[in-house]
Each structure stands twice: as C-alpha cells, then as structure tokens.
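Peer 1: Sequence and predicted model, in that order:
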Amino acid sequence: MTVTKLFLIGNTTVPSSWVALVLAFAITYFVIRLRYGKRISGVLSDSIFYFVIVWKLSVILTDFENVIKSPLSIIYFNGGQIGLYLGIIAGMVAILIELKKNGMHTIEKQALFLGFITIQSIFQLAMVFLNEGAKSAEIVTIIMFTLVAVFIWMSINKMDNAIIQLTLLFAASHFFTTLFQPSSYMSNSLFITILATVFIVIFLGQNEKNISEGHL
C-alpha cells in the first residue's frame, strides 16, 4: 500500500509506514513472547533493534553532508531504500549470530518464522487502515494476509517441513496480492518478503532438536 497520510507525534511528523511498522513490531513481540517465551522473543527483539538502528543510522552513508551540517537529522530521517535493506541484513545477521552461538530448536525456528509472518501481515493490514487507496487493492490485501497468516499459525505444527512449505506459501500469496496494487509489483515490501524467504529456507528450514509442546 502507498503512504498517503502523515501523523503528528509530538513535534515530529511521521509517515503512516512508520506507525504501521511500530504497531507490527510491538504486537508481534508480545504475541511471540506470550506463546514461545522469553528467550526467542529476546532474539526477535534484538533483531528488530539492530534493524531499526542500522536503518536510521544509514542516513549517515546516504546523506553524509547534511548529517554533518545537522546531526539531529538522524532522528528525523533514515537511509531510504538502501538503509532499509541494510537494516534487514543487520537483523538477519543478529539471528545468524544467535543461531551459530547457541543453536536453536525447531520450535524456536518456527517462532522466528512466525515472527516475520506476523510483522509483515500486521504491517500490511495497518497500511490499509492508515492510508487511502484503491478499494480492490485494500480488500485483497486484507483477505489474503489475514487468511494466510491465520492458516500458517494453525498449520505450523501439523506439517512436515512446515517452515519451508509455509514460507513459500506466504511469498506466493504476497506476490499475488501485489498484482492488485496500483504501484509496481516489485515493491520494497515484496522484495523484503523474497529476501526473508531465502533466509528462512536456508537457515531456519532445517529441523534440529524438537520440543513437542510447551513454552520455552
């Protein structure tokens, strides 16, 4: 969905995409914490933290001259598309470090996968409600992301190789949704899903130690 509204928070004007992202991060953290416990929600929050820090500070690379002239611009601006991708990579690296350092049970990998699915789904839904766009695009977005996210949450423990299969399903459904968007289908959001799909399949798709039930 395209950003069509800005919100005044204190003395700062922020785009609806920032509001949607904060909502997605906050809701997802509490859901994962409630369902899977402290350790893996901590890994997720660390990943989110590094994403935000790198995304915001990347403005130093993309607009160094203006940052030198006005250091406080770091608070109000970010590195744009380049910064977004650098932030995503930083978040993934944080997960890889944890994976290499302490290892992860299959259920923990599932939790991180569900974390991404939930963040992306809530972000997309929030963007629909916070902005104005074509009704057909809004309806398809709401239906697809809601149904697929619910199906994934319900199916994660009922399938073999669930992470890989459900990741591909989510990527396919996101691609389908973008076909109804007025802007180019290869949006930042879809590219992030593709990037996350590759990461999840390669690093989280392999089963390790299994924990059948319960919180971690």
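Peer 2: Noted; the coordinates are in hand. Numbers count the residues shown, from 1 in each chain.

Peer 1: where are the low-confidence patches of this structure?
Peer 2: 1, 183-186, 207-216 (pLDDT under 70).

Peer 1: Can you show me the strands along it?
Peer 2: 6-9, 12-15 (DSSP state E).

Peer 1: Would you mind giving these as TSV with mean neighbour count added?
Peer 2: Placement of C-beta: from N, CA and C, glycine included. Below are the strands of the chain laid out as TSV (neighbours: other Cβ atoms under 10 Å):
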stretch	mean neighbour count
strand 6-9	11
strand 12-15	12
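
Peer 1: buried stuff in stretch 59-75?
Peer 2: 59-60, 62-63, 67 (16 or more other Cβ atoms under 10 Å).

Peer 1: Thought Met144 was touching Thr177, still the case?
Peer 2: Yes: the criterion here is Cβ atoms under 8 Å, and Thr177 meets it with Met144 at 4.7 Å.

Peer 1: between these two, which one's more packed in?
Peer 2: Thr177 (22 against 18; other Cβ atoms under 10 Å).

Peer 1: any idea how far the more buried one lies from Val148?
Peer 2: Between Thr177 and Val148 the computed distance is 9 Å (Cβ to Cβ, to the nearest Å).

Peer 1: Common neighbours of the two, please.
Peer 2: Common neighbours of Thr177 and Val148, using Cβ atoms under 8 Å, 6 or more residues apart in numbering, do not exist here.

Peer 1: who's in contact with the residue nearest to Asn131 when sequence neighbours are not counted?
Peer 2: In space, and not counting its chain neighbours, Asn131 is closest to Thr4: 4.4 Å by Cβ to Cβ, 6 or more residues apart in numbering. When contacts are counted by Cβ under 8 Å, 6+ apart, Thr4 touches 16, 131-133.
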